[in-house]
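Colleague: Generate coordinates for the sequence data below:
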Amino acid sequence: MKLLQIERLLASSALGLALVFMSGPGRAQQPAEQSPQIEVPLPDELPAPTAKDFGVTVTAPEAAKADAAKPETTQSVVVDQPANAKPAAEPDKAASTTVTAPAEANGDAAVADKLRDIITGKQFDRVVARKADREGVDAFYKARDYKPLWVSHGVADDRAQAAIAYLAQVDSVGLDPTDYPAPDFKSATTADALAAAEIKFTNSVLTYARQAQIGRINFTRVGADIQFELVAPQPEKVLAKLADASDVAAALDSYNPPQPEFKALKEKLAELRHGPVAKPEEEQPKPLVRVPEGKILRPGMKDPRVLALRKRLDIAGNKDNPVYDDAVRDAVKAFQVSKDLDADGNAGTQTVRALNGEQQTKRVVANPIDTVIVNMERWRWLPRDLGNPHVIVNVPDYTLTLYNDGKVFWKTKIVAGQPSKATPMVSAEMKFITVNPTWNVPPSIIENEYLPALQQDPEALDRIGLKITQDPDGTVHIWQPPGAGNALGRIRFNFPNKFLVYQHDTPDKYLFAREKRAYSHGCMRVQDPFTYGEKLLSLVDPEGHYTEAKLQKMLGDNEININFPKPIWVHLTYQTAFVDADGKLQFRDDVYGRDARMIAILKGSERKVADIAIERKPDASSKPVKVTPGMYGGAGGGWGGGGGGGSGFFGMLFGGNRPQVEPPGYRPRGFIGSRAANNARFYH
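Modeller: This next block holds a predicted model:
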């Protein structure tokens with residue numbers, strides 16, 4: 001009987017050993033440096049094993065020893081054997097190896113099945129809200145048979161851990177980590193939970209990539225005078241890039257703007273956060289100096305009231321000089337322009353009353369961190385490639401900078417739009433320069449300024465060299481021929497754009513002496529326009545050998561266009577925070593309130609939908625002004641320095657029909673109409 005039991009034990013053990021060693025997966029689960037463990041179940045009716053009888057050292061696990069006394073419990077025998085032993089070979093008595101049974105199959109296939117169910121299911125739009133993202137996710141996972149991107153062997157893999165770590169610190173690039181949440185992969189212990197966590201994190205990553213590239217705030221929510229071609233990254237390509245990336249953090253960071261200006265702001269943001277940050281303060285208004293009323297003050301006069309003018313307008317130089325010199329005249333003219341007064345440079349009753357009646361209010365200075373963040377946000381609206389060469393206009397700094405090969409090539413001052421007639425934000429290509437430009441007065445100025453002026457003074461246009469004609473349908477045209485007194489000066493720089501603005505010369509050179517130069521109707525007046533022309537042409541047409549002198553020789557009464565062999569990109573920006581050439585962080589006034597608007601969005605309820613564009617009504621600002629036909633003469637006729645048609649105007653003044661001017665609305669800056677050689681409209 002004992003012999004029979006031993007034979008049955010040997011047969012059972014041999015069969016178990018053979019099955020285990022023939023199983024590849026069972027061996028593959030063990031580390032190479034360890035010996036395999038084999039657990040062999042023993043029949044319940046056998047007595048305690050005596051493997052010494054067949055030359056094998058047998059040990060029982062602690063649990064098996066504890067259960068040995070229970071007749072219902074199956075015992076296990078752990079057989080020590082060399083890892084490289086063959087199933088049929090005789091066991092090595094000197095070796096001690098532990099072998100275990102095969103592990104459970106990999107669970108990634110189950111996660112893939114659940115991913116397929118989620119992505120192809122009817123509720124997928126509740127998991128991934130954006131249609132473009134859903135399409136990209138579907139294409140990406142379908143192409144890899146729904147294999148997880150972030151999960152391996154039932155846990156978040158190294159790729160996921162790197163992405164989670166990067167997204168946790170995106171505040172360093174002006175974003176908010178809470179906008180890109182990471183799921184709790186550790187608590188996901190089932191295929192369903194792992195698949196749900198996978199999709200949730202994929203959605204966070206795609207949201208980050210899109211907002212890092214084109215911004216958290218869509219520009220349409222900030223103003224109607226902003227237009228950029230935003231190019232969001234394609235979701236499928238984002239996921240493919242991360243799947244192939246050897247450095248996940250670097251791949252994610254690549255969606256931020258590459259410009260040195262953005263990176264410089266990033267460094268300053270870190271410094272502000274790690275150093276003391278001043279709380280928002282209220283800038284107290286300076287007490288106004290009252291200018292006594294009296295006779296009109298004109299250039300050349302000597303009057304004690306000039307002292308008050310110098311202090312009131314903060315004119316540089318000797319504040320105790322009573323002479324009404326050119327500096328005083330220019331400061332008065334600048335003030336008159338800012339208040340839409342007749343800018344004659346004389347301090348008359350209306351100007352003095354405006355000086356004394358102006359209300360100065362205290363201004364709240366924004367938190368510098370908030371200001372830097374919204375400026376970083378606006379960099380995300382700009383093209384990734386700014387062009388070479390290219391022009392950057394910084395409106396709050398009132399500067400224009402020409403770049404070539406990534407370096408400053410030339411820089412000058414500008415006059416920008418008034419707060420009520422803001423210079424827009426846009427990127428466009430400069431294609432030609434016009435010497436001796438014609439100024440076609442914009443509809444807003446025709447309607448709001450010149451027609452009312454004509455009602456009071458029929459010769460008003462004559463005195464400033466303007467012409468007026470009227471089409472048979474009643475459309476009124478007012479323009480100014482080329483010349484030294486032309487509002488555009490002697491040269492204009494054309495980059496066709498939606499807002500019909502451009503850069504040009506100006507006869508009002510005095511405005512460049514002002515520190516803050518928001519005086520135009522939206523276009524940019526350039527301080528040194530002929531130098532600007534020379535610099536531009538030296539880069540795009542060096543064979544033309546254009547110089548300032550050569551350009552000035554073209555001055556005359558006829559428009560001359562100089563076409564560029566290749567266009568130059570012009571970017572109109574709004575940088576209230578930037579790092580200067582010396583590495584110092586600079587701040588400028590929020591002239592148009594764009595900072596305030598964007599900060600309010602980021603800190604309010606609108607933030608949740610801020611990256612979704614909103615529709616705005618079509619801009620009707622270029623719509624021509626129409627009055628009663630014949631009031632200012634027919635086509636080809638004129639009034640105010642050219643042609644007849646005056647009877648209709650005088651009839652209007654003295655009891656005739658009044659102009660049927662269309663209801664006033666927002667108007668752009670001005671235009672160059674059909675009379676101009678370029679056949680395009682622009683605003684001044």
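Colleague: hey, which strand is longest across the protein?
Modeller: Looking across the chain with DSSP state E, the single longest strand is strand 560-573.
Colleague: Packing partners of that strand?
Modeller: Helices and strands in packing contact with strand 560-573 are listed as strand 390-394, strand 425-435, helix 529-540; criterion 3 or more Cβ pairs under 8 Å, 6 or more residues apart in numbering; DSSP states H and E. For glycine as for every other residue, the C-beta is placed from the backbone atoms N, C-alpha and C.
Colleague: Direction included, what does the helix or strand just after the second one pair against?
Modeller: So that's strand 425-435. Next in sequence after strand 425-435, counting helices and strands by DSSP states H and E, comes strand 439-440. Using DSSP bridges, the strands paired with strand 439-440 are strand 476-480 (antiparallel).
Colleague: Which residues outside the partner strand are in contact with it?
Modeller: Outside strand 476-480, the residues that touch it by Cβ atoms under 8 Å, 6 or more residues apart in numbering are 438-441, 445-446, 450-451, 461, 464-471, 486-487, 624-627, 632, 640, 673, 675.
Colleague: again, but for stretch 540-557
Modeller: Residues from elsewhere that reach stretch 540-557 (Cβ under 8 Å, 6+ apart): 389, 435-436, 481-483, 490-491, 530-531, 533-534, 537-538, 560, 562, 564-568.
Colleague: and the helix or strand following the longest strand of the chain, which strands flank it?
Modeller: Counting by DSSP H and E, the next helix or strand C-terminal to strand 560-573 is strand 577-579. In the sheet, strand 577-579 lines up against strand 585-587 (antiparallel) (DSSP bridges).
Colleague: Would you mind listing which of the contacts of stretch 540-557 are buried?
Modeller: The neighbour-count test (16 or more other Cβ atoms under 10 Å) marks 389, 435-436, 481-483, 490-491, 530, 533-534, 537-538, 560, 562, 564, 567-568 as buried among the contacts of stretch 540-557.
Colleague: and the longest helix for this protein?
Modeller: Selection of the longest helix in the chain by residue count, based on DSSP state H, yields helix 191-214.
Colleague: Which of the helices or strands spans Thr371?
Modeller: With DSSP H and E as the criterion, Thr371 is inside helix 368-379.
Colleague: what's the angle between that helix and helix 191-214?
Modeller: Taking axes from the mean of the first three to the mean of the last three Cα atoms, to 10 degrees, one finds helix 368-379 and helix 191-214 inclined to each other by 90 degrees.
Colleague: What average pLDDT does helix 368-379 get?
Modeller: Mean pLDDT, computed over helix 368-379, is 98.
Colleague: So which bits of it are buried?
Modeller: Neighbour counts over helix 368-379 (16+ other Cβ under 10 Å) mark Pro368, Asp370, Thr371, Val372, Ile373, Val374, Asn375, Met376, Glu377, Arg378, Trp379 as buried.
Colleague: who's in contact with the fourth one?
Modeller: It refers to Val372. Gly174, Leu265, Lys268, Leu269, Leu272, Ala577, Leu585.
Colleague: low-confidence ranges in the stretch 551-684 of the chain?
Modeller: Low-confidence segments of the stretch 551-684 of the chain, defined by pLDDT under 70, are located at 619-622, 633-684.
Colleague: same thing but at 90, please
Modeller: Screening the stretch 551-684 of the chain residue by residue with the criterion pLDDT under 90, one finds the ranges 615-684.
Colleague: And the helices in it, which stretches?
Modeller: Chain-ordered helices for the stretch 551-684 of the chain, with DSSP state H, counting those that start in this stretch as the definition, fall at 594-603, 646-653.
Colleague: For the first one, enumerate the helices and strands it packs against.
Modeller: In terms of contacts (3+ Cβ pairs under 8 Å, 6+ apart), helix 594-603 is packed against helix 368-379.
Colleague: quick one, the helix it packs on and strand 425-435 angle?
Modeller: Counting by the same axes, to 10 degrees, helix 368-379 points 60 degrees away from the direction of strand 425-435.
Colleague: Give me the distance from helix 368-379 to the chain's centre.
Modeller: Remark: helix 368-379 is offset 10 Å from the chain centroid, using Cα atoms, centre = their mean, to the nearest Å.
Colleague: Now do the contacts for Asp138.
Modeller: Under the criterion of Cβ under 8 Å, 6+ apart, the neighbours of Asp138 are Ile119, Thr120.
Colleague: where's it relative to Asp108, distance?
Modeller: According to Cβ to Cβ, to the nearest Å, Asp138 stands 19 Å off from Asp108.
Colleague: just Ile118 next, same as before
Modeller: 15 Å.
Colleague: With neighbour numbers in mind, choose between the two.
Modeller: Neighbours of Ile118 and Asp108, each counted by other Cβ atoms under 10 Å, are more numerous for Ile118; the result is 19 against 16.
Colleague: Let me know the helix or strand that the more buried one is in.
Modeller: When the helices and strands are read off by DSSP H and E, the one containing Ile118 is helix 108-119.
Colleague: list the helices and strands the helix or strand following that helix packs on?
Modeller: Scanning forward in sequence from helix 108-119 by DSSP H and E, the next helix or strand is helix 124-127. The elements that helix 124-127 packs onto, with contact taken as 3+ Cβ pairs under 8 Å, 6+ apart, are helix 131-143, helix 191-214.
Colleague: for helix 124-127, what is the average pLDDT?
Modeller: 92.
Colleague: Run the chain-centre distance for that helix.
Modeller: Going by Cα atoms, centre = their mean, the spacing between the C-alpha centre of helix 124-127 and its chain's C-alpha centre is 28 Å.
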